[in-house]
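Novice: One predicted model, sequence on top.
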Amino acid sequence: MAASTAGSSLPLRSRTPSCKSSWPDHRPSGAAALAARGGRGRPGRRAASLSMASPREESSRAGARSDVSSQALVLNGALEGSSGGENGHKDAHLLPRPLSSVQSSNPSSGGSRLRVAYQGVRGAYSESAAEKAYPKCEAVPCEQFDTAFQAVEKWLVDRAVLPIENSLGGSIHRNYDLLIRHRLHIVGEVKLAVKHCLLANHGVEIGDLTRVLSHPQALAQCEHTLTKMGLVREEVDDTAGAAKHIAFHNVKDAGAVASTTAAKIYDLNILAKDIQDDSDNVTRFLMLAREPIIPGTDRPFKTSIVFSLEEGPGVLFKALAVFALRQINLTKIESRPLRKQTLRTPDDTSNGGPKYFDYHFYVDFEASMADVNAQNALRHLNEFATSLRVLGSYPVDTSMI
């Protein structure tokens with residue numbers, strides 16, 4: 001993760017809210033339109049309106065694409081300099097159009113290196129995932145997940161690669177929430193085998209340690225091992241950040257759970273390898289872009305959606321049945337509370353009856369939006385969902401299957 005070595009990029013820092021401007025809608029014809037436009041279902045709304053969220057026009061492409069130092073990228077300053085106003089996009093034909101599925105996996109063109117944001121500092125697992133997703137990219141560290149989202153929206157980087165779930169620790173809820181808050185598109189996924197190590201400064205033994213620092217997910221993935229060692233677990237923002245901290249401060253009573261790469265970067269000793277509780281420890285990352293890709297049928301595809309429903313018996317069953325009826329396999333379902341929503345009774349009255357939370361439901365299913373079967377399933381769901389958005393339809397990462 002991001003070492004402060006000469007010539008390396010420093011983490012992006014976010015101090016301002018994300019941009020609220022929007023992109024013009026470039027609509028490909030046919031089935032691909034379902035994956036290139038934005039749609040929100042409402043009761044009674046025509047099913048034909050169903051599609052992916054449209055890209056939003058940035059007000060300041062020129063300002064945000066200005067030459068940024070390779071040694072330091074401060075997002076706050078870049079955002080302040082990106083108020084291009086009316087002159088942001090004068091020619092509609094020059095605006096970006098949806099990527100093809102081929103471009104999403106091999107987007108580098110014109111000889112320039114693709115800039116890819118990730119959360120953490122140098123040596124992070126996210127950096128390795130970014131380099132696996134885009135092998136010849138310039139990986140750009142960001143302090144927080146939302147900083148990476150903003151960096152893509154503001155044209156500071158071309159893509160972001162961020163974790164969404166782990167086979168041991170489960171979902172990264174923060175990024176599910178950010179997918180709703182921002183209007184980026186999922187254009188791919190990448191799976192990374194995670195092998196944790198216990199790191200410490202040279203001369204420090206396991207018996208000298210009283211505590212261990214790392215990201216909450218990493219600590220959860222090594223819970224049983226660390227408990228047997230009798231170490232107090234302390235949470236920090238990322239794994240490599242923990243390694244950087246104990247190295248730069250020459251901490252003697254604490255270790256860090258991080259990668260072998262982090263150990264090399266920060267000159268730490270590896271006290272124990274493969275300390276995760278399960279050897280099959282895999283993190284799935286999403287590849288995010290400003291524009292969606294045009295889905296195809298030439299290889300296995302996955303589609304990610306988010307929707308909300310009215311409260312009532314069997315409503316979620318009815319929603320999931322639209323996929324079962326068409327033999328579409330679901331690979332993931334996640335619920336997150338709707339923000340800024342008050343508790344309500346089933347009939348939205350305050351007569352003292354039971355009160356309910358409202359939820360967003362995230363679903364991944366194995367089908368391309370170019371598939372008529374998938375289109376029909378979402379048209380069916382759109383008939384009774386209170387909101388519906390396609391987050392992306394993208395190639396499946398089969399590298400670990």
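Specialist: Nice, I can see it. Because the structure is a prediction, the values reported are computed rather than measured.
Novice: now stretch 371-390: mean pLDDT?
Specialist: Taken as a whole, stretch 371-390 carries a mean pLDDT of 97.
Novice: Return the residues in contact with Phe307.
Specialist: Counting by Cβ atoms under 8 Å, 6 or more residues apart in numbering, Phe307 makes contact with Gly41, Ala319, His360, Phe361, Val363, Leu381, Ala385, Thr386, Ser387, Leu388, Arg389. (Each C-beta comes from the backbone N, C-alpha and C, glycine too.)
Novice: Filter the residues you listed down to the buried ones, ChimeraX style.
Specialist: Applying 16 or more other Cβ atoms under 10 Å to these, the buried members can be selected in ChimeraX as follows:
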select :41,319,360,361,363,381,385,387,388,389
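Novice: Return the subset of the contacts of Phe307 lying in helices.
Specialist: Judged by DSSP state H, the contacts of Phe307 include Ala319, Leu381 as members of helices.
Novice: Show me the contacts of Phe307 that map onto strands.
Specialist: Secondary structure from DSSP state E places His360, Phe361, Val363, Ser387, Leu388, Arg389 of those in strands.
Novice: returning to what we had before: what's the most distant pair in the contacts of Phe307?
Specialist: Using Cβ to Cβ, the two most remote members of these are Val363 and Thr386, lying 15.1 Å apart.
Novice: follow-up on the earlier one: with distance to Phe149 added, can I get the contacts of Phe307 in JSON lines?
Specialist: What follows is the contacts of Phe307, written out as JSON lines (distance: Cβ to Cβ, whole Å):
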{"residue": "Gly41", "distance to Phe149": "24"}
{"residue": "Ala319", "distance to Phe149": "27"}
{"residue": "His360", "distance to Phe149": "17"}
{"residue": "Phe361", "distance to Phe149": "21"}
{"residue": "Val363", "distance to Phe149": "21"}
{"residue": "Leu381", "distance to Phe149": "26"}
{"residue": "Ala385", "distance to Phe149": "25"}
{"residue": "Thr386", "distance to Phe149": "25"}
{"residue": "Ser387", "distance to Phe149": "20"}
{"residue": "Leu388", "distance to Phe149": "21"}
{"residue": "Arg389", "distance to Phe149": "16"}
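Novice: with the contacts of Phe307 in mind, which one is nearest to Val396?
Specialist: For the contacts of Phe307, the residue nearest Val396 by Cβ to Cβ is Val363; the value is 15.2 Å.
Novice: pretty sure the closest one contacts Ile328?
Specialist: No - counting by Cβ atoms under 8 Å, Val363 sits too far from Ile328 to count as a contact (10.1 Å).
Novice: The stretch 201-350 of the chain: strands as residue ranges?
Specialist: All strands of the stretch 201-350 of the chain, identified by DSSP state E, counting those that start in this stretch, fall at 211-214, 232-235, 254-258, 269-273, 282-289, 293-294, 301-308, 330-337.
Novice: okay if I get those as CSV plus mean pLDDT?
Specialist: Output for the strands of the stretch 201-350 of the chain, formatted as CSV (pLDDT from 0 to 100):
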stretch, mean pLDDT
strand 211-214, 97
strand 232-235, 96
strand 254-258, 97
strand 269-273, 97
strand 282-289, 97
strand 293-294, 94
strand 301-308, 97
strand 330-337, 95
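Novice: Assess the claim that Asp371 and Thr297 are in contact.
Specialist: Yes - using Cβ under 8 Å, Asp371 is in contact with Thr297, at 6.4 Å.
Novice: out of those two, which sits in the more crowded spot?
Specialist: Counted by other Cβ atoms under 10 Å, Asp371 and Thr297 do not tie: Asp371 has more neighbours, with 21 against 13.
Novice: which residues does Phe361 contact?
Specialist: Contact analysis of Phe361 by Cβ under 8 Å, 6+ apart lists Val306, Phe307, Ser308, Leu309, Leu316, Ala319, Ile333, Glu334, Ser335.
Novice: Okay then, goodbye and thanks.
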